[in-house]
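Q: predicted coordinates and the sequence they were generated for:
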Amino acid sequence: MNNVDSKIDFDSSFNCVKSAQERLVHLRDRQLKRRGILLRLLLRDSSFLAKLDACDNRNITLSEVLGHRRPLHSKYDEIIHRKQSILPIISRLKSPVLSLKLRRAIQSFLRESSTTNHDNNQIIQHWDKFSLEVVGDKLRQTLASCISTNTNSGNLNDKASNEDNAISKAGDPGGDLTIRTFTGSAAFLKGTQSANPHNDYCQHFVDTGERPQNFIRDTGLRNRFEEYPKLRELIRLKDQYIQSKATPPMYLCADLRTFDLNELDSKFDVILIEPPLEEYHRMNGAVFDQYWSWDEIERLQIEQIAAPRAFVWIWCGSGEGLDAARRCLRKWGFRRCEDICWIKTNINNPRHETLEPNAVFQRTKEHCLMGIHGTVRRSTDGDFIHANIDIDLIIEEAPPQGSYAAKDKPTEIFHIIEHFCLGRRRLHLFGRDSTLRPVPQERINFQCQ
């Protein structure tokens, strides 16, 4: 009995395997048919059938068949698609539009043709002569499609004529085509007598070399707060108070690579760092005798000369040194709290500067990061800080490249520091003779050898 049962079980197992093989073959046939359908839809070509027939392997993949055409489908070029598909459709949909000058000339031509008795051939000859005199040979075909040779089309509507006369009184825009090309910024000027660009300062910069920031109003310290009399009076009183309490400046010529800042035997409330970076050396030519790397700047012992409540300002270039300056602040125990940006104008010398290698845009700004050490609150520390006096933006003329003044930073940074922090212990690292404040203040200037 057991032998019979086992035999029956084996037979059923063999039947199952055989049916599974049949289903597998059927499934492979269906997959092959699907591949054929997909290939017909993708390639839209019958060349793949010969490749399938020549291949003995029935499990050939689509990638093997489409291998020679894969680059055609793997990359989508938007510019080529726009030129081949989109632009021809737009050009067919958009009807040719003529300028007011041409329309008036065509209307006068039609009036003359309607008043005289000429046949169609004579009218066509007159039109060829007229088109050559007015617009030249390039637009003859375009204009001919807009002109009917039938003399009856010469009758004009009085309403349209009145509208054209009204437009002509307002002014003739000129030009022969509706699609105009601007070789200058005159079309964007405000009014007819103004020399200031109306809305496209970028195009004006490309044409003339004048930077867009040249047209920002009230950028100087004298006229910035003309419309805010209370704030203007507050700043005047603060400047007067600073002058009355300031002491004569002191400076020391030393090499900061070897000088120990602890020998100053003082803690400073304000520290301004103006390092001679490699970026300035590269932009201004051989102006600096030597420049500092960010690793050397980070090794300065600023944390040992900073007071428990202190602020530091560090110039870090046009953007290359932002991360390095933040790293220096963290190493010295400061927290970055503000980014003062110097926007450089070129009013006195408008021109296009030579770009650096591998550069696309011109550098017209610099960053000065501000860090805070300790805890300072506006509500309780009014004896040490006075916030919301100045803005975090300096708009000033850029110094000439290659000159000694190219190393100077805007004088307004000193006003911002003095207005914000009331601490009188101030230190300026990497200073120069030109950075000595004309107003007596307690500041020690260091010059790098």
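A: Sure thing, it's come through. Residues are numbered from 1 along each chain as shown.

Q: run through the chain and note the low-pLDDT ranges.
A: Counting by pLDDT under 70, the ranges of the chain that qualify are 1-14, 38-100, 114-121, 123-125, 127-199, 284-289, 354, 402-404, 438-449.

Q: show me where the stretch 301-449 of the chain has its strands.
A: Remark: strands assigned in the stretch 301-449 of the chain by DSSP state E, counting those that start in this stretch are 306-315, 335-345, 365-373, 393-397, 426-429, 443-447.

Q: and the second one with strand 393-397, angle?
A: Interaxial angle of strand 335-345 relative to strand 393-397 (axes from the mean of the first three to the mean of the last three C-alpha atoms, to 10 degrees): 30 degrees.

Q: buried sites along strand 335-345?
A: Residues of strand 335-345 classed as buried: 336, 340, 342-345 (neighbour count, 16 or more other C-beta atoms under 10 Å). Yep, even glycine has a C-beta here, placed from its N, CA and C like the rest.

Q: one more: the fourth one?
A: If you call a residue buried by 16+ other C-beta under 10 Å, then strand 393-397 has these buried ones: 394-396.

Q: helices and strands around that strand, which ones?
A: Here strand 393-397 touches strand 335-345, helix 412-420, going by 3 or more C-beta pairs under 8 Å, 6 or more residues apart in numbering; DSSP states H and E.

Q: as TSV, these with distance to residue 107 would be great.
A: Formatted as TSV, the helices and strands packed on strand 393-397 follow (distance: least, C-beta to C-beta, whole Å):
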stretch	distance to residue 107
strand 335-345	50
helix 412-420	61
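
Q: which one of these lies closest to residue 369?
A: With C-beta to C-beta, the closest approach to residue 369 among the helices and strands packed on strand 393-397 belongs to strand 335-345: 5.7 Å.

Q: from residue 238, how far off is residue 390?
A: 10 Å (C-beta to C-beta, to the nearest Å).

Q: would you list the strands of the stretch 301-449 of the chain in TSV and tack on distance to residue 324?
A: What follows is the strands of the stretch 301-449 of the chain, written out as TSV (distance: least, C-beta to C-beta, whole Å):
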stretch	distance to residue 324
strand 306-315	10
strand 335-345	12
strand 365-373	10
strand 393-397	21
strand 426-429	16
strand 443-447	20
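
Q: closest to residue 113 out of the ones you listed?
A: Per C-beta to C-beta, nearest to residue 113 of the strands of the stretch 301-449 of the chain: strand 335-345, 59.1 Å.

Q: direction-wise, compare that closest one with strand 306-315 and give the angle.
A: Compare the direction of strand 335-345 with that of strand 306-315 by the same axes, to 10 degrees and you get 30 degrees.

Q: returning to that earlier point: nearest to residue 219, of the buried residues of strand 335-345?
A: residue 345 (7.9 Å).

Q: quick one: contacts for the closest one?
A: By C-beta atoms under 8 Å, 6 or more residues apart in numbering, the contact set of residue 345 is 211, 213-214, 219, 395-398.

Q: quick check: bridge partners of it?
A: Partner residues in beta bridges with residue 345, using DSSP bridges, are residue 397.

Q: from residue 220, how far out is it?
A: As judged by C-beta to C-beta, residue 345 and residue 220 stand 11 Å apart.

Q: next up, phi/psi of residue 321, please.
A: Main-chain torsions, residue 321, degrees, to the nearest 10: phi -100, psi 20.

Q: ok, how many other residues are close to the nearest residue to residue 274 once chain neighbours are set aside?
A: In space, and not counting its chain neighbours, residue 274 is closest to residue 430: 4.6 Å by C-beta to C-beta, 6 or more residues apart in numbering. A count of neighbours around residue 430, defined by other C-beta atoms under 10 Å, yields 20.

Q: what's the answer for the one 5 residues further on, then?
A: Applying other C-beta under 10 Å, we find 21 residues neighbouring residue 435.

Q: who's in contact with it?
A: Here residue 435 is in contact with 274, 408-409, 428, 445 (C-beta under 8 Å, 6+ apart).

Q: look up how far residue 333 lies from it.
A: In terms of C-beta to C-beta, residue 435 sits 26 Å off from residue 333.

Q: and the buried residues of strand 393-397 as a markdown table, adding distance to residue 355?
A: Formatted as a markdown table, the buried residues of strand 393-397 follow (distance: C-beta to C-beta, whole Å):
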| residue | distance to residue 355 |
| --- | --- |
| 394 | 24 |
| 395 | 23 |
| 396 | 22 |
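
Q: for the stretch 201-350 of the chain, just list every one of the helices.
A: Applying DSSP state H, counting those that start in this stretch to the stretch 201-350 of the chain gives helices spanning 201-208, 229-245, 278-283, 294-298, 322-332.

Q: format those as JSON lines; extra columns: mean neighbour count.
A: What follows is the helices of the stretch 201-350 of the chain, written out as JSON lines (neighbours: other C-beta atoms under 10 Å):
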{"stretch": "helix 201-208", "mean neighbour count": "16"}
{"stretch": "helix 229-245", "mean neighbour count": "12"}
{"stretch": "helix 278-283", "mean neighbour count": "17"}
{"stretch": "helix 294-298", "mean neighbour count": "16"}
{"stretch": "helix 322-332", "mean neighbour count": "18"}
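
Q: and of those, who's closest to residue 262?
A: Among the helices of the stretch 201-350 of the chain, the nearest to residue 262 by C-beta to C-beta is helix 322-332 (14.3 Å).

Q: report the angle between the axes of that closest one and strand 335-345?
A: Going by the same axes, to 10 degrees, helix 322-332 makes 150 degrees with strand 335-345.

Q: ok, residue 415 touching residue 389?
A: No: look at residue 415 against residue 389 with C-beta atoms under 8 Å: they stay out of range, at 9.3 Å.

Q: on that earlier part again, ok, of the buried residues of strand 335-345, which one's closest to residue 244?
A: Proximity of these to residue 244 was ranked by C-beta to C-beta; the top entry is residue 340 with 26.5 Å.

Q: residue 412 versus the closest one, what's the distance?
A: Counting by C-beta to C-beta, the separation of residue 340 from residue 412 is 9 Å.
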